[in-house]
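J.: predicted structure and sequence below. I'll ask about it afterward.
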Amino acid sequence: MNRLDKLNRLRRTIEEGEATAASWDDCDLSGPPLSEPEIETMIDILLDSDFSTAYVSERIGEWRRHWAEVYFPFVTVDREVMGGIPVFRGTRVPVGVLFDNLADGMSLDGILSEYETLNRADVEAVLEIQSERSVSGSE
């Protein structure tokens, strides 16, 4: 079973109220970088999970740190900021705004002028990761 299947199985067990410590332990984040569907599934789990047990709270903390520190140190996901939509760190600008504006033909300089709180290095890092994913076929 691949990592995305394991994450989806965990999400189902959470929704059914049947998640156990073993369910969480089965979702190991080590290995290659997370794919976009894996990240989206993980975010759904993080946002929808019941934090009432110390174990679940600890695991979610591990996931958030792992995701934030290893994969996207320049992007944050916080339920209190834009309802948990991934945003560029230190801003309320959703990461999706970057790709929407680029798709609409706006230049990077134009986006940075329009969204003055964005940090060029963070934006370029997101673009680099997307480029690497596109080249490797892991979109």
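T.: Done, it's in.

J.: now Leu112: how far from Ile85?
T.: According to C-beta to C-beta, to the nearest Å, Leu112 stands 20 Å off from Ile85. Quick note: C-beta positions are derived from backbone N, CA and C, even for glycine.

J.: same deal with Asn119?
T.: 18 Å.

J.: please say which of these two ends up with more neighbours.
T.: Taking other C-beta atoms under 10 Å, Asn119 and Ile85 do not tie; Ile85 has more neighbours (17 against 14).

J.: for the residue nearest to that one when sequence neighbours are not counted, name its beta-bridge partners.
T.: Among residues not flanking Ile85 along the chain, Pro94 sits closest, at 4.9 Å (C-beta to C-beta, 6 or more residues apart in numbering). Per DSSP bridges, the residues bridged to Pro94 are Val87.

J.: Pro94 against Gly84, yeah?
T.: No. Between Pro94 and Gly84 there is no contact under C-beta atoms under 8 Å: 10.6 Å.

J.: what's the burial count for Cys27?
T.: Around Cys27 sit 19 other residues, with neighbours defined as other C-beta under 10 Å.

J.: go on, Leu112?
T.: Leu112 - counted by other C-beta under 10 Å - has 16 other residues nearby.
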